[in-house]
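1. build me a structure from this.
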Amino acid sequence: MKKERWGKKYEDKRNWREYNEKLVARGEACISLDLIETWDKDLEKL
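-> Numbering: from 1, shown residues only. Take a look at the predicted model:
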């Protein structure tokens, strides 16, 4: 489907399902729970 943008026609070839999945994956955070377990000991050392 061609749309007009900035005075020119272009065809949007993005795969929106794939694009959305990549955005969700980018927002995921991996946190190690080991950090929480040693938090108090680490603070005492400081």
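2. for the residue nearest the centre of the chain, grab phi and psi.
-> Centroid-nearest residue in the chain: R26, 1.8 Å away (criterion: C-alpha atoms, centre = their mean). Phi and psi for R26, reported as degrees, to the nearest 10, are phi -70, psi -30.
3. all strands of this protein, in order?
-> Counting by DSSP state E, the chain forms strands over residues 2-5, 8-11, given from the N-terminal end onward.
4. comparing the ones you listed by mean pLDDT, which bottoms out?
-> Within the strands of the chain, confidence is poorest for strand 2-5, with a mean of 71 (mean pLDDT).
5. give me the contact list for the helix or strand of the chain with the lowest mean pLDDT.
-> Taking mean pLDDT, DSSP states H and E as the measure, the helices and strands of the chain show their lowest mean at strand 2-5, namely a mean of 71. Residues outside strand 2-5 that contact it (C-beta atoms under 8 Å, 6 or more residues apart in numbering) are 9-12. For every residue, glycine as well, the C-beta is placed using N, CA and C.
6. tabulate the CA atom coordinates of it in PDB.
-> Written as PDB, here are the backbone C-alpha positions of strand 2-5 (Å, rounded to 0.1, in the frame of the first residue of the first chain):
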ATOM      1  CA  LYS A   2       1.500   3.300  -1.100                       C
ATOM      2  CA  LYS A   3       1.100   6.300   1.200                       C
ATOM      3  CA  GLU A   4       2.100   9.900   0.600                       C
ATOM      4  CA  ARG A   5       4.700  11.300   3.000                       C
END
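7. that older thread, could the strands of the chain go into a markdown table alongside mean neighbour count?
-> Listed next are those as a markdown table, based on neighbours: other C-beta atoms under 10 Å:
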| stretch | mean neighbour count |
| --- | --- |
| strand 2-5 | 9 |
| strand 8-11 | 8 |
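8. I'd like those as JSON lines, with distance to E21 appended.
-> Listed next are the strands of the chain as JSON lines, based on distance: least, C-beta to C-beta, whole Å:
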{"stretch": "strand 2-5", "distance to E21": "23"}
{"stretch": "strand 8-11", "distance to E21": "22"}
